[in-house]
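Just a sequence and a predicted model for now, questions to come.
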Amino acid sequence: MDFTRRTFGIAALGAAAAPAMLTAGAGQAVARSGIASTDSDGLAMVDPELREGAKLILSRPLPDPLDHKAILGMRAKAPPPPAALPSPAPAVELRRVPGAQGQPDVGVAVIGARRDGVLRPAVLHIHGGGFIVGRMEDTFPASQALAEELDCVVVEVDYRLSPETRFPGPLEDCHAALVWLHGNAEELGVDRDRIAIKGESAGGGLAAMLAIAARDRASVPLCFQVLIYPMLDDRTGSTRHVPPFIGTIGWNEAGNVVGWTSLLGQPAGMASVPPGAVPARVENLAGLPPAFIGVGAIDLFVDEDIAYAQALIRQGVPTQMLVVPGAYHGFDFIAPASRAARTFTASWKLALGAAFLKASGDRPGT
């Protein structure tokens, strides 16, 4: 497979929640555990088609320490975002929409809106980046492709990053964009009964938070939530640790502590957290929209994602769970042509399309 520094940077800093962040020290973590790797690169458990991407990730360690200065440096050095796909791909329209009360307006990108009298489903998409980096522009091409494939409208959210903006600021930005989408459905050609949310990594965590907030506030009814290797639990890496062969490629325990601490404004893993800030700590999950949760088997988030899926199922939420053997964090963006990535992407798209169909009830004109 062909990988370039630009390809890696876009995937890492944008859609895949900075897979290269804090990979420095991953090998040392294995050594400290006393468990030896079965190969010199520590890649024995990685799907063979994903190994080239894994090596590229591991070749780009981050500054140590990853303090605020380093985070600002990462943002400044991020490669330019990929160009939006040209026509006839769905157009990208940039807008500013009202923020929550007392909060600034929120930047959004509306993709695929058509005012032709046909109401289409919609997806509110939230980019990844560990809560500290990432840009909505990085995922424009993928969202254009999704809008075309599922004949839907996609709205991207330019939420504020941490640590400059703590919780609930980023969540409020996402909720404001969702409320705007729902309130302007007719103008955008959107069916209010077929609005879903989707996010990767930190974006998946924010999507899970958003589903909970929308339920609790009775603000916007959602038909589905797509959580791609979502970042759900601040205790991972702080008070709970994973086996040494998990979370060593792409996003590790140290990075998780930085990301959650930046968002929460308090050390990750404390006994209490702000209500609604950490989905894995929310006890009442009943009444949430049906969910698809997908994650790699050697992704740092595999345990917490499986646990969240189990909690949803126990509380009556229809949930589909997919765990991909040999897959690390962000693998589908790093190696999109691999069989693992193609199967993974097809699975969540099928689930999302089925949710749209079920919500429509096969109504004429939808």
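Sure, I can see it. Computed from a prediction, not measured in an experiment: that's the story for all the values here.

Low-confidence regions, the stretch 251-366 of the chain specifically.
Judged by pLDDT under 70, the stretch 251-366 of the chain has its weakly predicted residues at 362-366.

now the helices for it?
253-264, 302-314, 331-334, 339-360 (DSSP state H, counting those that start in this stretch).

Next, format those as TSV and append distance to residue 226.
In short, each C-beta sits where N, CA and C put it, glycine included. Putting the helices of the stretch 251-366 of the chain into TSV (distance: least, C-beta to C-beta, whole Å) gives the following:
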stretch	distance to residue 226
helix 253-264	21
helix 302-314	13
helix 331-334	13
helix 339-360	5
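
moving C-terminal of the lengthiest strand in the chain, what's the next helix or strand?
When every strand of the chain is counted residue by residue (DSSP state E), the longest turns out to be strand 190-200. Using DSSP states H and E, the helix or strand that directly follows strand 190-200 along the chain is helix 202-217.

any idea which helix or strand comes after that following helix?
Sequence-wise, the next helix or strand beyond helix 202-217 is strand 224-228, with elements assigned using DSSP H and E.

So what's the gap between that following strand and the chain middle?
9 Å (C-alpha atoms, centre = their mean, to the nearest Å).

closest to residue 125 out of the helices of the stretch 251-366 of the chain?
Minimum separation from residue 125 across those (C-beta to C-beta) falls at helix 339-360, 11.2 Å.

buried sites along the closest one?
Within helix 339-360, the residues that qualify as buried by neighbour count (16 or more other C-beta atoms under 10 Å) are 340-341, 344-345, 348-349, 351-353, 355-356, 359-360.

That helix to strand 224-228, inter-axis angle?
Here the directions of helix 339-360 and strand 224-228 differ by 170 degrees (axes from the mean of the first three to the mean of the last three C-alpha atoms, to 10 degrees).

Can you list the neighbours in contact with helix 339-360?
Contacting residues not belonging to helix 339-360 are listed as 47, 49-50, 121, 123, 146, 149-150, 152, 191, 193-194, 196, 198, 223-224, 226, 228, 290, 292, 294, 320, 322, 324-327, 331-332, 335-336, 366 [C-beta atoms under 8 Å, 6 or more residues apart in numbering].

please redo it, this time with the cut-off set to 7 Å
47, 49-50, 121, 149-150, 191, 193-194, 196, 223-224, 226, 228, 290, 292, 294, 320, 322, 324, 326-327, 331-332, 335, 366 (C-beta atoms under 7 Å, 6 or more residues apart in numbering).

Dump the C-alpha coordinates for that helix into PDB.
In PDB, the C-alpha atoms belonging to helix 339-360 read as follows (Å, rounded to 0.1, in the frame of the first residue of the first chain):
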ATOM      1  CA  ARG A 339      -9.700  -5.700   3.600                       C
ATOM      2  CA  ALA A 340     -10.100  -5.000   7.300                       C
ATOM      3  CA  ALA A 341     -10.900  -1.300   6.600                       C
ATOM      4  CA  ARG A 342     -13.300  -2.000   3.700                       C
ATOM      5  CA  THR A 343     -15.200  -4.600   5.800                       C
ATOM      6  CA  PHE A 344     -15.300  -2.200   8.800                       C
ATOM      7  CA  THR A 345     -16.500   0.800   6.700                       C
ATOM      8  CA  ALA A 346     -19.100  -1.300   4.900                       C
ATOM      9  CA  SER A 347     -20.500  -2.600   8.200                       C
ATOM     10  CA  TRP A 348     -21.200   0.800   9.800                       C
ATOM     11  CA  LYS A 349     -22.600   2.200   6.500                       C
ATOM     12  CA  LEU A 350     -25.000  -0.700   6.200                       C
ATOM     13  CA  ALA A 351     -26.100  -0.200   9.800                       C
ATOM     14  CA  LEU A 352     -26.600   3.500   9.200                       C
ATOM     15  CA  GLY A 353     -28.500   2.900   6.000                       C
ATOM     16  CA  ALA A 354     -30.700   0.400   7.700                       C
ATOM     17  CA  ALA A 355     -31.500   2.800  10.500                       C
ATOM     18  CA  PHE A 356     -32.500   5.500   8.000                       C
ATOM     19  CA  LEU A 357     -34.800   3.000   6.200                       C
ATOM     20  CA  LYS A 358     -36.400   1.900   9.500                       C
ATOM     21  CA  ALA A 359     -36.900   5.500  10.600                       C
ATOM     22  CA  SER A 360     -38.600   6.400   7.300                       C
END
